[in-house]
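Enquirer: The following comprises the amino acid sequence and a computationally predicted model.
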Amino acid sequence: MALSVTAIKNAKPKDKAFKLYDEAGLFIQVTPSGGKWWRFKYRYLNKEKLLALGTYPDVSLAEARIKRDEARKLLSQTPPVDPSELKKSTKQSIYSNKADSFELIALEWAESFFTNKSKSHKERTVRRLELYIFPWIGSKPISQITAPEVLEVVKRPQVQSKLETAHRALQAVSQVFRYAVQTGKAMRDVTVDLRGALPSASVKHMASFTEPKQVAELLRAIDAFKGTFTVECALRLSPLVFTRPSELRRAKWADINLDAGEWAYLVTKTKTQHIVPLSTQAIKILKELYPVSGYGEYVFQGGRDPKKAMSEAAINAALQRMGYDTQKDITAHGFRAMARTILHERLNIDPAIIELQLAHAVPDALGGAYNRTKFEQRKVMMQQWADYLDELKAGAKVIPFKTA
């Protein structure tokens, strides 16, 4: 006798599992916990087998009968097809394709590639993939993705007037493909065929001030800024140390020696040790901040969570509140260009010394003794720089350009 929906709904669990039979091998098994599992009993090569068809009510009686009939059609073929084995192989194929999908390989690459790189760099790259790549080719097996498909995807941000983003997205896709080739999941990097497919992106320099008058006005505006004490201190310290903004906001008290006047840390971009000589002005700011955050790890603590570093947008947001356009006037990163230009053009500092302080790679053919000499020169330069900024802020006479 065929099952009815009413009989299924009224079936109450018992101490032991029991079955309610429909027709042609279909039945529902009711478990002691109340679960109702559809099963199809059949014979394949004279062996009795069961095929799971889902659970009730997710799979209705009508749907269960359709699945049963589809399985019976497979068994009636010549030669017969075992529906259980077909289901298993289909499932394995899906999992295999998913394991080789572009998205999973890209995330695997990111875990490997960014091991010794900054967390923010990794987050920006993965986020770029999530926004511009994964929605269109993320689920596709990487070995099946073609160059035209990649080009179609990376052109999407270009159409949105985000040409630089398109280039960065393409670069990330290429790195994922190279990783796939290295791990045997793809035969070749198809993005090689896309060289020149995107128009060149114009180089965009960080907004900055390099004229003493502008710098003086900026320094006075920073002194007048009213925000959280943490951001105020970060703003005042930024032009004095001119490190990368990411390095400043993640500065740790453990890396700072106020007695020696040094801040030593690992440069995230180059993975090299770097020391920033601290001027007396910089030390004063840090000593003022120590009672606020000295108990924790980070010098500049996050506003919502003191266990985290200050937001990467904090300084730029403060500059905007002060009325500066961070696209055209000055950015947190712009303090580096400001220092590099003025130190060389106004204070006649050797460019090699400046580059070393910026943590840029500078050839050193003379070895460690040369480096020690340069470090002493950097200490002098950093104090000279801080004093010069004080003079500008106070409206003292500006040092003119050096003469040839």
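Expert: That came through fine.
Enquirer: CA only for contacts and neighbour counts going forward, please
Expert: OK.
Enquirer: Against residue 45, how distant is residue 85?
Expert: 13 Å (C-alpha to C-alpha, to the nearest Å).
Enquirer: Show me which of the two is the more surrounded one.
Expert: Applying other C-alpha atoms under 10 Å to residue 85 and residue 45 shows that residue 85 carries more neighbours, namely 11 against 8.
Enquirer: lowest average confidence, helix or strand, in the protein?
Expert: helix 83-99 (a mean of 68; mean pLDDT, DSSP states H and E).
Enquirer: Return the set of buried residues in the next helix or strand after it.
Expert: Downstream of helix 83-99, the first helix or strand assigned by DSSP states H and E is helix 102-113. Under the neighbour-count criterion of 16 or more other C-alpha atoms under 10 Å, helix 102-113 has 102, 103, 104, 105, 106, 109, 110 buried.
Enquirer: Please apply the same query to stretch 58-72.
Expert: Judged by neighbour count using 16+ other C-alpha under 10 Å, the buried positions of stretch 58-72 are 59, 61, 64, 65, 67, 68, 71, 72.
Enquirer: So which of those are in helices?
Expert: When DSSP state H is applied, these are split such that 61, 64, 65, 67, 68, 71, 72 fall in helices.
Enquirer: Now the third one: closest residue in space, sequence neighbours ignored.
Expert: Looking back up the chat, that one is residue 65. residue 26 (7.3 Å; C-alpha to C-alpha, 6 or more residues apart in numbering).
Enquirer: ranges for the strands of the stretch 251-400 of the chain?
Expert: With DSSP state E, counting those that start in this stretch as the criterion, the stretch 251-400 of the chain has strands at 256-257, 262-267, 272-277.
Enquirer: Among those, single out whichever gets nearest to residue 343.
Expert: Nearest to residue 343, of all the strands of the stretch 251-400 of the chain, is strand 272-277, at 15.4 Å by C-alpha to C-alpha.
Enquirer: now that closest one, how far from the chain's geometric center?
Expert: Put simply, strand 272-277 sits 25 Å off its chain's centre (C-alpha atoms, centre = their mean, to the nearest Å).
Enquirer: Taking strand 262-267 as reference, get the angle to it.
Expert: Relative orientation of strand 272-277 versus strand 262-267 (axes from the mean of the first three to the mean of the last three C-alpha atoms, to 10 degrees): 160 degrees.
Enquirer: Contacts for strand 272-277, please.
Expert: If you take C-alpha atoms under 8 Å, 6 or more residues apart in numbering as the criterion, strand 272-277 is touched by 241, 261-267, 357, 359, 378-379, 382.
Enquirer: In JSON lines: the buried residues of helix 102-113, plus pLDDT and distance to residue 163.
Expert: Converted to JSON lines, those look like this (pLDDT from 0 to 100; distance: C-alpha to C-alpha, whole Å):
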{"residue": "102", "pLDDT": "92", "distance to residue 163": "23"}
{"residue": "103", "pLDDT": "91", "distance to residue 163": "22"}
{"residue": "104", "pLDDT": "91", "distance to residue 163": "26"}
{"residue": "105", "pLDDT": "93", "distance to residue 163": "25"}
{"residue": "106", "pLDDT": "93", "distance to residue 163": "22"}
{"residue": "109", "pLDDT": "94", "distance to residue 163": "24"}
{"residue": "110", "pLDDT": "92", "distance to residue 163": "23"}
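Enquirer: Let me know the pLDDT of the residue most central in space within the chain.
Expert: Nearest to the mean C-alpha position of the chain, by C-alpha atoms, centre = their mean, lies residue 123 at 0.9 Å. Looking at residue 123, its pLDDT is 86.
Enquirer: Great, nothing more from me.
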